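1. build the 3D model from these lines:
(2 chains)
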Amino acid sequence: MSSSSPAGEPLAERYEAAKFESGAYRRWEEAGYFAPRGDGPPFCIVIPPPNVTGSLHMGHAFQDTVMDALTRYRRMRGDCALWQPGVDHAGIATQMVVERQLEAEGLSRRELGREEFVRRVWAWKESSGGRIGAQLRRLGASADFSRDCFTLDEARSRAVREVFVRLHEEGLIYRGKRLVNWDPVLQTALSDLEVVSSEEEGRLWRLRYPLADGGGAVEVDTTRPETMLGDTGVAVHPNDERYRKLIGRMARLPLVGREIPIVADEAVDPEFGTGCVKVTPAHDFTDHEIGKRHQLAAINILTPRAFLNDSVPRPFAGLERFAARKAVAQALKDEGALIGVRKHRHAVPRGDRSQAVLEPLLTDQWFVRAAPLAEPAIAAVEDGRVRFVPENWAATYFEWMRNIEDWCISRQLWWGHRIPAWHGPGRAVFVGRSEAEVRRKHSLGQDFALRRDDDVLDTWFSSALWPFSTLGWPERTRELERFYPGSVLVTGFDILFFWVARMIMMGLRFMGDVPFKEVYVHGLIRDHEGQKMSKSKGNVIDPLDLIDGVDLDTLAAKRTSGLMQPQLAPGIERATREQFPKGIPAFGADAVRLSFAALASTGQDIRYDLERTAGCRNFCTKLWNAARFVFMQQDSEEPEGPPGAPGALAQEQEPDPSAASIANRWIVSRLGRALDAAGKALDGYRLDLASRAMYDFVWREYCDWYLELAKRILADGEPRASAATRRTLARVLEAVLRGLHPIMPFITEALWQRAAALTGAAGESVMIADWPLSSEFPRDEQAEAEIEWLQGFVLGIRQIRGELDLPPGRKLKVLAQGANNRDRARMESLAGLLRPLAGIGELSELAEHAEPPPSASALHGGMRLLTPLAGIIDPAAERTRLEKLLAQAQKVLQATERKLANPQFLAKAPPQVVQGARDRHAAVVRDLERLAEQIRRLKAMQAE
RNA sequence: AGGCGCGUAGCUCAGGGGUUAGAGCACUUGCUUGACAUGCAAGGGGUCGGUGGUUCAAUUCCACUCGCGCCUACCA
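-> Down below sits the predicted model:
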């Protein structure tokens, strides 16, 4: 390739993603292509904001690929597309990271003080916060980074304050002392959603509480004996005959001596244990309800760190909860109040971040009254204003929303939106956008002491506002006007409740409309064994390592550093070295994206296997090389009439413009079908199907067949046919690049300029070109039929060659017997393509009734294609081959015969189905005869 | 306990009431074919979890069943 290509430098011989990806991205960003443009219909995706101090994992990369593909597709379809980026402050997660850093310095946040601590978190955010954006850029994300947002920036904070104040004014936010899930390690309340319960091996203690008036005792079971110190009642089921007499009597609490009533309550399951339940209203959710129904006191026995407080008898006060458990059990045993202990599997609630066992604890917290917000949010999904894809997720949404509980939004943390409430003397609380507003509104003088609430809001509170806060709310911005509601939310099912539900509630409340019209729910990325990817399992892969590659040592070091449990390191290291003996090669962003897109089916789990990405990288190489071929053909076009060559070729073979025309029309028609399928798939969020349609077209049709056909046409040198073929090569390539661009932005950009120059479609960038519509590539049934015939012919001969191990270079002599007029015409018109593709040296016709020479044979429609054996073919091997075909044909014969023998089938099946079966039957009968005949001949030969 | 989903080739997954059920990877054989060995050509491999029903026709729809997974709520 000496001459330069249309776009300047010659195309590199090898596909090397690293050579062009970052350059292409920089050009897009500098050109401002990511900003919404044009006056097309708005299309908007708001990113689910990743944690600002984290980095993107495979799940993010997958999700971002989906969002980017959709955004790029809609942009190319002419929509005014906005992909709104941003990051989340991730309250607990981030605070924990910084606290751990402090720990390493031997400091605690309390020593540092709130102000200084928050300053440290901001500093950490500044130093690590750019990582997400950098990763997104390497992935090719076409998000409008000029609009980057942060949940804790000033504009978003303002939205949070505004919403809080308004909800409070409307009575939808309240403060109260309620039983909440308390994390004794992080020392904060959590919402129900942040509790992860899992079955654990525990123990069940059976205790005996004597009746206060003598005469027996009740027996109760508990998994947390220490809570008995806070018991204020015993409950039985009202219909439980065994205990009916006890209702209303008193029991005496061992160790404590308190007399507690025995009450009747429906919540008790008479089947479980003894059917008697100890009631600890301050430390159990069910008991709390029972206590309220029967006016039982709620005695809090725990400190925020889950040590026993002074409400319990002296020997136990001050004990840590698990030590207290032992001590209480022992004391009960000593007193004869412990009847027994047995193993017991039960669900233990833990904090999703700290993994600490949670305690229900009575504390003052802020809550959102959820039911009134849920009602319109349920309606919005019911009436289709929000549509889930796949639809069945709506059921999950409804189930949760219809049983929604109030949402605890206050957190005893320092990193987050501080609650806009001020405490006065006593229990007076004032809510307002600022202290000044509070003073003004409530006419409080400057001397009236106000102290701002210490708590911050749940991170998800600000996330719930994200669909409109990122567009400028509470200002009435143009963006809000234009892009709200968003088009689609792309998210994992794991945060359906955290996010989707709450965004719909808040959107409806504050914007009067849903936040997005569709929710595309994707699966979660797991490793190739179906294991969840996690640092502690040591199976995480950094998406950037797939793009850029990573050597084994670096990978192993990465996986084993910063582990919460350092003792896991050796095992992780071993597994890593075993799985990736050579590290990970650089696949490039497009291969990574394509593999994600291909995996984006509708299930819950997505098993990620590196081999899949390797296959996609191969596809990139294939596309690259195909493009090189196309460009090469254009480059090699000689000026006009080089002496000698065309004439010489013309002598050998009649140039055949019609064959060229058929091939060209065929590939255009096939492209139209592929684009049709890909477009429909993208419209329905089926990136897997879209990828496959394009992949198959490029590899299996364009490369495998069309390029080979084109080579023959160009080799023939007929000027008009060659010119048309060069045009078609380029035109199809150019359209393919546009079609693939949403999924593979980089390679398509790298190749498109040159391709576009050849077709006269040049523009600044493929990313702002039009997505190719299938209507531009008309179906041509006739051309498709012709090429299908040609493929059948070629495959027949290749099968003989392949299975009989004939060398590819060996030209075969082929006799066609039983040709009809159409076969004859096609053999004539397509000979120039047929012969080289099938490796035929000499093609001639044999009269229907002529006795053929000993041959290997293939059936093609009504024809027998015969390759005379002439000592080059093993008759035994050929016979085996045909017998296999015979057996296959017999199976088909049986199936069709069974059908046609059924009068019901003939009477009730649609006529075209019946006709199809008849045609098929006739064809297979014909094939069987011919196979049998051919086998007979081979037998006869072998007998000789 | 309730809800949802899955079970198709050795593995990971598409598919869909009607020819002989597909792909990628893996496997076998043959190939330095003028874009590509990250490749080309040919091939092997599936009673579509089981049972029953609807239907002219079921791998596809329905019921039940077995196995697996997830979510929600939990019995102390």
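
2. for the stretch 501-650 of chain A, which spans come out with low pLDDT?
-> A:635-650 (pLDDT under 70).

3. show me the helices in it, by range?
-> Listed in chain order, the helices of the stretch 501-650 of chain A (DSSP state H, counting those that start in this stretch) span residues A:502-511, A:543-548, A:552-560, A:569-579, A:589-599, A:610-635, A:645-652.

4. check which helices and strands the shortest one sits against.
-> Using 3 or more CB pairs under 8 Å, 6 or more residues apart in numbering; DSSP states H and E, the elements in contact with helix A:543-548 are helix A:58-76, helix A:130-139, helix A:589-599. All C-beta atoms are positioned from the backbone trio N, CA, C, and that covers glycine.

5. got the CA coordinates for the last one in CSV?
-> Included here for helix A:589-599 are C-alpha records, laid out as CSV according to Å, rounded to 0.1, in the frame of the first residue of the first chain:
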residue,chain,number,x,y,z
ALA,A,589,-12.6,-0.7,24.4
ASP,A,590,-14.7,-1.8,21.4
ALA,A,591,-14.2,-5.5,22.0
VAL,A,592,-15.1,-5.0,25.7
ARG,A,593,-18.2,-3.0,24.7
LEU,A,594,-19.2,-5.5,22.1
SER,A,595,-18.9,-8.4,24.5
PHE,A,596,-21.0,-6.5,27.0
ALA,A,597,-23.6,-5.7,24.4
ALA,A,598,-23.6,-9.4,23.3
LEU,A,599,-24.3,-10.4,26.9
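
6. need the helices of the stretch 501-650 of chain A in JSON lines with mean neighbour count and distance to residue A:766, can you?
-> As requested, those are exported to JSON lines (neighbours: other CB atoms under 10 Å; distance: least, CB to CB, whole Å):
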{"stretch": "helix A:502-511", "mean neighbour count": "24", "distance to residue A:766": "33"}
{"stretch": "helix A:543-548", "mean neighbour count": "22", "distance to residue A:766": "20"}
{"stretch": "helix A:552-560", "mean neighbour count": "17", "distance to residue A:766": "34"}
{"stretch": "helix A:569-579", "mean neighbour count": "14", "distance to residue A:766": "37"}
{"stretch": "helix A:589-599", "mean neighbour count": "27", "distance to residue A:766": "13"}
{"stretch": "helix A:610-635", "mean neighbour count": "19", "distance to residue A:766": "13"}
{"stretch": "helix A:645-652", "mean neighbour count": "11", "distance to residue A:766": "36"}
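
7. mind checking which of the ones you listed is nearest residue A:215?
-> When the helices of the stretch 501-650 of chain A are ranked by distance to residue A:215, counting by CB to CB, first place goes to helix A:502-511 at 54.3 Å.

8. following element in sequence after the host helix or strand of residue A:334, please.
-> When secondary structure is defined by DSSP states H and E, residue A:334 falls within helix A:321-335. Toward the C-terminus, helix A:321-335 is succeeded by strand A:338-351 as the next helix or strand (DSSP H and E).

9. wait, residue A:75 touches residue A:766, no?
-> No: contact status for residue A:75 versus residue A:766: not in contact, 11.1 Å apart, counting by CB atoms under 8 Å.

10. doesn't residue A:849 lie inside a strand?
-> No: for residue A:849, which was evaluated using DSSP: H, G, I helix; E, B strand; the rest coil, the result is coil, with no strand membership.

11. for it, what are phi and psi?
-> The phi and psi torsions at residue A:849 (degrees, to the nearest 10) take the values phi -100, psi 10.

12. pretty sure residue A:315 is in a strand, no?
-> No: under the criterion used here (three-state DSSP), residue A:315 is coil, not part of a strand.

13. show me which residues of the stretch 801-944 of chain A sit near RNA strand B.
-> The stretch 801-944 of chain A comes close to RNA strand B at residues A:801-803, A:805, A:807-809, A:884, A:888-889, A:891-892, A:895-896, A:899, A:902, A:904-905, A:907-910, A:913, A:916, A:920, A:924, as judged by CB under 7 Å from any atom of the strand.

14. hey, what's the residue nearest to residue A:348 when sequence neighbours are not counted bridged with?
-> In space, and not counting its chain neighbours, residue A:348 is closest to residue A:200: 4.5 Å by CB to CB, 6 or more residues apart in numbering. Listed beta-bridge partners, residue A:200: residue A:346 (assigned using DSSP bridges).
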